[in-house]
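Asks: Kindly generate the corresponding structure for this input.
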Amino acid sequence: LCAPRFKHRLTSSSSFAPRLTTHILQRLFPFVLFCFVTLHVLLRWIVTGHAPVSNIPETLLLMSWLSSALSLVASSRRVPVLGLLCPVVASVCMLGSVLSDSVSPLSSLPPILRSPLLSVHVVLVMVSYTLLFCIALLSVRCLLHGCTPATLTRLTALSRLLLYPAVSFLASGIIVGALWANISWGTYWSWDAKETWALLTLMVYLAPFHIHSLDSDSSPRLYHIYVLVAFLVVLATYFGVSYFLPGMHSYA
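Replies: Below you'll find the model as predicted:
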C-alpha cells in the first residue's frame, strides 16, 4: 500500500527539481545579462569620455543594454515570450557591436556631436528599434512555429501592444532630431538620407494602425507578415543608409 504513494512522491520530487532549476535560471540569467551589458556600457563610457550613442557599435551596445533591461522587466512581470526573445536581441546586438568595433576604433566626439540632444535623440530611436526588433521576432515565432489560435491571439496582442510605444518613441526621436538639426545646421529638415529613411520607417509602421486589411484582430497572420517585412526598412535605415549612402549622418 505504501509503495505507490512512495513512488508518486519520488516522481513528484524528481520532476520538481528541473522545474525549480528552470525557474531560477529564468530569473537569474536576465539579471546576469543586464549586469554584464551594463558593465560593458560603463567601461566604454569611461574610456571614450562620452555616452555610447555616437556610432553603429555604440548604438548596438545601447540596444543590447535596452533589450537586457526589458528582459529583466519581462521576467519579473511574468511575460515569458519577451523573457526569451529579449536575450536573443541583446546577444545579437552585442555581437554586432563587437564585430563593428573591429573596423570602428574608439574615438572622441567631433564638435557637432557634443550636444545633450544627441543622447536624447539616439536613446529614443534605439528604444524604438529595440521594440521593433522584438516585434519582428514575435512575428517569426508566429509564422514559423505552429501556434494554436489562442496562442496566436495572445502573441498578436503583445506585438500590437509593443507597436504603440515603438512608433511613439520613433516619432519622438525624429522630432528631437529635427530640433537638434535646427540648432546645429540652421534647418529642421534637409531631406538627408537618414532623415528621409527615418520618416519612411515611421510611415511604414503607422500603416497597421490605419489600414483595415492589416487589422491584427481580423487577420493576424497578414499583420505578422507585414511587420516582419517592415523590419527590413529598419535595417535599411540603420545599416544601409549609414554605410552605403553619403550624407550628413554618415558618421552614424
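Asks: Next, count neighbours for the nearest residue to Ala51 once chain neighbours are set aside.
Replies: Nearest residue to Ala51, sequence neighbours excluded (Cβ to Cβ, 6 or more residues apart in numbering): Ser119, at 5.1 Å. For the C-beta atoms, the positions are set from N, CA and C on the backbone; glycine is no exception. Close neighbours of Ser119, defined as other Cβ atoms under 10 Å, add up to 17.
Asks: pLDDT on the host helix or strand of Ser119, on average?
Replies: Secondary structure from DSSP states H and E places Ser119 in helix 116-144. For helix 116-144, the mean pLDDT works out to 90.
Asks: next SSE after it?
Replies: Downstream of helix 116-144, the first helix or strand assigned by DSSP H and E is helix 149-185.
Asks: Pull out the buried residues from the helix holding Ser119.
Replies: Residues of helix 116-144 classed as buried: 118-139, 141-142 (neighbour count, 16 or more other Cβ atoms under 10 Å).
Asks: Pull the residues that contact stretch 136-150.
Replies: By Cβ atoms under 8 Å, 6 or more residues apart in numbering, the residues outside stretch 136-150 that reach it are 81, 85, 88-89, 152, 155-156, 158-159, 162, 220-221, 224-225, 227-228, 231.
Asks: if you set the cut-off to 6 Å instead, what comes out?
Replies: Residues outside stretch 136-150 that contact it (Cβ atoms under 6 Å, 6 or more residues apart in numbering): 85, 152, 155, 159, 224, 227-228, 231.
Asks: Endpoints of it, how far apart?
Replies: Distance across stretch 136-150, first residue to last, is 20 Å (Cα to Cα, to the nearest Å).
Asks: Check the offset of it from the chain's centre.
Replies: Offset of stretch 136-150 from its chain centre (Cα atoms, centre = their mean, to the nearest Å): 18 Å.
Asks: Same question for stretch 184-194.
Replies: Relative to its chain's centre, stretch 184-194 lies at 26 Å (Cα atoms, centre = their mean).
Asks: buried ones in that stretch?
Replies: 192-194.
Asks: and what of stretch 197-214?
Replies: By 16+ other Cβ under 10 Å, the buried positions in stretch 197-214 come out as 197-199, 201-202, 204-205, 208, 214.
Asks: cool, and stretch 143-160?
Replies: Judged by neighbour count using 16+ other Cβ under 10 Å, the buried positions of stretch 143-160 are 147, 152, 155-156, 158-160.
Asks: next helix or strand past the worst-scoring helix or strand of the chain on mean pLDDT?
Replies: One helix or strand of the chain scores below all others by mean pLDDT, DSSP states H and E: helix 2-48, with a mean of 66. Scanning forward in sequence from helix 2-48 by DSSP H and E, the next helix or strand is helix 56-76.
Asks: Just want the angle from that following helix to helix 149-185.
Replies: Per axes from the mean of the first three to the mean of the last three Cα atoms, to 10 degrees, the angle that helix 56-76 makes with helix 149-185 is 140 degrees.
Asks: Now do the buried residues in helix 56-76.
Replies: Result for helix 56-76 [16+ other Cβ under 10 Å]: buried residues 56-72, 74-75.
Asks: Pipe the contacts of stretch 136-150 into JSON lines and attach distance to Leu33 and pLDDT per row.
Replies: Listed next are the contacts of stretch 136-150 as JSON lines, based on distance: Cβ to Cβ, whole Å; pLDDT from 0 to 100:
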{"residue": "Leu85", "distance to Leu33": "13", "pLDDT": "85"}
{"residue": "Leu152", "distance to Leu33": "28", "pLDDT": "84"}
{"residue": "Leu155", "distance to Leu33": "23", "pLDDT": "87"}
{"residue": "Ser159", "distance to Leu33": "23", "pLDDT": "90"}
{"residue": "His224", "distance to Leu33": "27", "pLDDT": "89"}
{"residue": "Val227", "distance to Leu33": "25", "pLDDT": "93"}
{"residue": "Leu228", "distance to Leu33": "25", "pLDDT": "93"}
{"residue": "Phe231", "distance to Leu33": "23", "pLDDT": "95"}
